[in-house]
Structure formats: C-alpha cells, structure tokens
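A.B. asks: Return atomic coordinates for the entry below.
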Amino acid sequence: MTERADTFHASRADVWYLKEIAFGSTETKRRLKIITQNFNGPCSFIAICNILILRGQIEVLPYERGTVSYEFLSQLVGEYLLMSCPDIDVSAALSIMPSTTKGLDLNPVFTGATSFRPAGEGGELKLFEQAGIELVHGWLVDPDSEEYRVLRHVRDYDTAVTLIADADHITRGRLLSGDVWGEGEAGSSSQAGSGPSGYAGPSSPSDNYSEKDREKIEHALVTQAFLDSTKSQLTYHGLFQLASTLQPGSLVALFRNSHLSVLHKRDGEDSSLYSLVTDHVFLQEPSVVWERLEDVDGVGSTFVDSEFVRSMPVGGDFAGHTAESALHALEMEGNPDVILARQLQAEEDARSHEIYKQRQQRQEIRQKEEEERKRKNEDSASRKSKKMKDKCIIM
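C.D. replies: Reported below is the predicted structural model:
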C-alpha cells in the first residue's frame, strides 16, 4: 500500500494544474493560465515559466488544457530560448533546466538586492540570464544597523554559515549552545550581553582564545543573531530597497524563504509589491491572484484579485491548511506563550513597518521634488533659448 501511495503521490507531483487569471494594463489586459505548485514542486522552474507566460513570451496551448508536465514546459522554454537568443550559446541554460525541478543552489549577498554568489558563473544563474529574468532578494542588512559593520565583510549566506561553523569549532560547540565564554568566568555573562547582539566586547575576561579567534567568535555571534532574526530571508530594509528600485511594470524572480516566486510592481502610482499566488490550494479561488507584500513575515499581507482589489478567499482564515495544520493553528491560538510571543513580535514588526513606510514616503517626496526641479530647469532653459533667438533676429 505504501509503495502504491508513493507512486501515486509522485505521479501527481509531476503534473501541475493551470489557473486562469487576467493580467496587464486596462488597454492590454488579457486572460491567461498560470502554473500552480503542488507537493513542494519545483518553484524555480515554475517561477521562470510563469514570468514568461505573464510577459507573453510563451503560451500554453490549447487554452482549454487544465494540466501541464515538466516535459511539456521544458520544450516550450527550450524553444523560446533557442528562438530569442540565436547568437548566444544556450547550452548551459538548457543543461541546467532539469536541475530546476530539484531546486537551485542560490547564495544571496546581504548587501545587494540583485547580488548572488556565484554571480553569472555556473549553470544555476544561466537560465535566468538567458531568459532575461532578473533574480532578486530582500535579505539585506540595514547600513545604519550595528551588525552592518560585520556583515559587510561576511557578505553572503554561505560565508556566514562557514564562519559560524568555524567559530563553533573553536569554542568546542559552545557557540551554538549559548555558552561561548565559558561558565564560571566572573563578569563574563554581564559583559557578553553588553555589546551588539549579545556578543562580548574586547574587554571580555576570557583568555581561552587568541585575539584572532576572539574576533571570529564575536563576528560569528553577530552573524548568527542576524540569521536568527531574519528567518523569513526578508528584512524591512530589503523590502524598502525592492520597492524603491524595481521599475514599474517589472516582473522578477524573488528569492525568499528558500523559495522562488514571481514578484511584480505595478505601473502607475501604486508602488506596492505583489507576489503571484501559485499555491495549489488556491486553485479554486479565482479571487486570489496576488499577495501584497506589506511586512517581512507575511502576517499583514493581503490577497488581491486580477484587478489588484482586496479579495476574500472562500476558504476563510484556514484556506490552504490541511486538517492537521488547521487543528494545530486552532490549538496554538490559546497558548499564553504563543500569544505573548506574537504580541512582542507584532510590536516589533509595527515599528519596523512604520520605518519602512516613512522611508517610502520620503523617497516619493524626493522623487516629486526632483521632477519639479527638472521641470523648472526645462522651463528656464526654454525661456533663455527664446531670448537668445530673439537677439539673433535681423530686422
């Protein structure tokens, strides 16, 4: 029975259902079908295909079909690459395509929204480059924060993990257990909590480590604190950078929560960011098309429809939950520790969200002031030009 169930599960995982939505501006709005994801499907490949579908660069035909397979989509993408990149060797991109069904090894840099290591090397990023799809993330450290001094040198996630592992080895496993400076050292606990993110300052009484090892341990503690506080792989500074730098109308692939999704910024005055909802549980929810990104954990995010109007899913608050996860969510609602943790987290998120909104407002004000200055300069230049022309007229 188990083997048959596994086979049935695998066969269903290889088939992806299509969902009809509308996309485009008022003049160019068209109906199309996007690919939904089920059973932890290949989010990388699905994100690539959905961006190409939304751009109108590939189309699933006949329109009436309700499902697609990897073989069908890989042929569509392969044909698009060969036709659109005739002067470029796309063999690297085509060779990496099968690995997208198992996930990609992406290494984001904490100081750049479009920076990944290795950047432009190897097959992982070739498929995005050849398809003309920008890969972004919002896992950015705020330059005004205390940890920036350390993380600008650590730079990327893989280096951060290696640093923490090395420091944990130096401390013989004490780093991850929270007893870095050893027990029984007078004053060490109070000093250890006095610095940023709880690491010991240079005056720490511990003499067990060399100066070089001490610095590595302190940097590892700061890095570990940053990773622990940004488990969603999105910060408010990163959210602000994405909202202020992405061009209106753009469709990009967003790396977040070890997952790739389609991120869209609308044309016009709406500077909000929207993530395409591709979860299979919303297949029968026609009003759920996009999710507005309003905070880093998704707690305050809202669903909108194809017109970007707030929607109310038919399934209610527990749409998308399994029976077990819905029951667990209900049980957790009455847990005092969970309620307190949520309250504290909500307060912290509210503060960060307010900072993000203020930055966004200042950015919009600066843009309007810059546009006004340009307009005045153009008017002034036009008047000067007219005067010069009048002087050159021979009567």
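A.B. asks: Give me the neighbour count for the nearest residue to residue 16 once chain neighbours are set aside.
C.D. replies: Closest residue to residue 16 in three dimensions, ignoring its sequence neighbours and counting by CB to CB, 6 or more residues apart in numbering: residue 35, at 5.0 Å. C-beta here means a position set from N, CA and C on the backbone, and glycine is covered the same way. When counting by other CB atoms under 10 Å, one arrives at 22 neighbours for residue 35.
A.B. asks: Show the residue spans covered by the strands in the stretch 1-150 of the chain.
C.D. replies: 15-23, 30-35, 67-69, 107-108, 116-117, 135-137 (DSSP state E, counting those that start in this stretch).
A.B. asks: so what does the second one touch, helix or strand wise?
C.D. replies: This points to strand 30-35. Here strand 30-35 touches strand 15-23, helix 43-55, going by 3 or more CB pairs under 8 Å, 6 or more residues apart in numbering; DSSP states H and E.
A.B. asks: by how many degrees do the last one and strand 30-35 diverge?
C.D. replies: Put plainly, it is helix 43-55. 170 degrees (axes from the mean of the first three to the mean of the last three CA atoms, to 10 degrees).
A.B. asks: can you tell me the average pLDDT over helix 43-55?
C.D. replies: Summarised as a single mean, pLDDT over helix 43-55 is 93.
A.B. asks: Which positions within that helix qualify as buried?
C.D. replies: 43-54 (16 or more other CB atoms under 10 Å).
A.B. asks: could you dump these to CSV with distance to residue 156?
C.D. replies: Conversion of those to CSV gives the following (distance: CB to CB, whole Å):
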residue, distance to residue 156
43, 21
44, 19
45, 24
46, 25
47, 21
48, 23
49, 27
50, 27
51, 24
52, 28
53, 31
54, 30
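A.B. asks: Any idea which of the helices and strands packed on strand 30-35 gets closest to residue 241?
C.D. replies: Among the helices and strands packed on strand 30-35, the nearest to residue 241 by CB to CB is helix 43-55 (20.1 Å).
A.B. asks: Identify the residues contacting that closest one?
C.D. replies: Applying CB atoms under 8 Å, 6 or more residues apart in numbering, the set of residues contacting helix 43-55 from outside is 16, 23, 32-35, 37, 58-60, 70, 73-74, 76-77, 80, 97, 100-101, 103-104, 127-128, 131, 133, 251-253, 259-262, 264, 276, 278.
A.B. asks: For ChimeraX, what selects the buried ones among those residues?
C.D. replies: Buried residues within these, by 16+ other CB under 10 Å, are selected in ChimeraX with:
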select :16,23,32,33,34,35,37,58,60,70,73,74,76,77,80,97,100,104,127,128,131,133,251,252,253,260,261,262,264,276,278
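A.B. asks: Restricted to helices, list the contacts of helix 43-55.
C.D. replies: Among the contacts of helix 43-55, the ones falling in helices (DSSP state H) are 70, 73-74, 76-77, 80, 127-128.
A.B. asks: any chance of those in JSON lines, plus pLDDT?
C.D. replies: Listed next are the ones in helices among the contacts of helix 43-55 as JSON lines, based on pLDDT from 0 to 100:
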{"residue": "70", "pLDDT": "88"}
{"residue": "73", "pLDDT": "91"}
{"residue": "74", "pLDDT": "88"}
{"residue": "76", "pLDDT": "91"}
{"residue": "77", "pLDDT": "90"}
{"residue": "80", "pLDDT": "90"}
{"residue": "127", "pLDDT": "80"}
{"residue": "128", "pLDDT": "86"}
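A.B. asks: out of the helices and strands packed on strand 30-35, nearest to residue 246?
C.D. replies: It is, among the helices and strands packed on strand 30-35 and with distance given as CB to CB, helix 43-55, at 13.5 Å.
A.B. asks: on that earlier part again, residue 68 is in contact with the residue nearest to residue 16, correct?
C.D. replies: Yes: Residue 35 lies in contact with residue 68 (CB atoms under 8 Å); the separation is 6.4 Å.
A.B. asks: which residues are in contact with both of the two?
C.D. replies: Listed as contacting both residue 35 and residue 68 by CB under 8 Å, 6+ apart are 16, 18.
A.B. asks: ok now do residue 161, which residues does it touch?
C.D. replies: Contacts of residue 161 by CB under 8 Å, 6+ apart: none found.
A.B. asks: Pull out the buried residues from the helix or strand it falls within.
C.D. replies: Following DSSP states H and E, one finds residue 161 within helix 157-170. Within helix 157-170, the residues that count as buried by 16+ other CB under 10 Å are 157-160, 163-164, 167-168, 170.
A.B. asks: Could you save these as CSV and add columns showing distance to residue 302 and pLDDT?
C.D. replies: Shown next, in CSV, are the buried residues of helix 157-170 (distance: CB to CB, whole Å; pLDDT from 0 to 100):
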residue, distance to residue 302, pLDDT
157, 29, 95
158, 34, 93
159, 36, 94
160, 32, 95
163, 38, 95
164, 36, 94
167, 41, 92
168, 40, 91
170, 46, 89
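A.B. asks: gap between the residue nearest to residue 16 and residue 55?
C.D. replies: Distance of residue 35 to residue 55, given as CB to CB, to the nearest Å: 14 Å.
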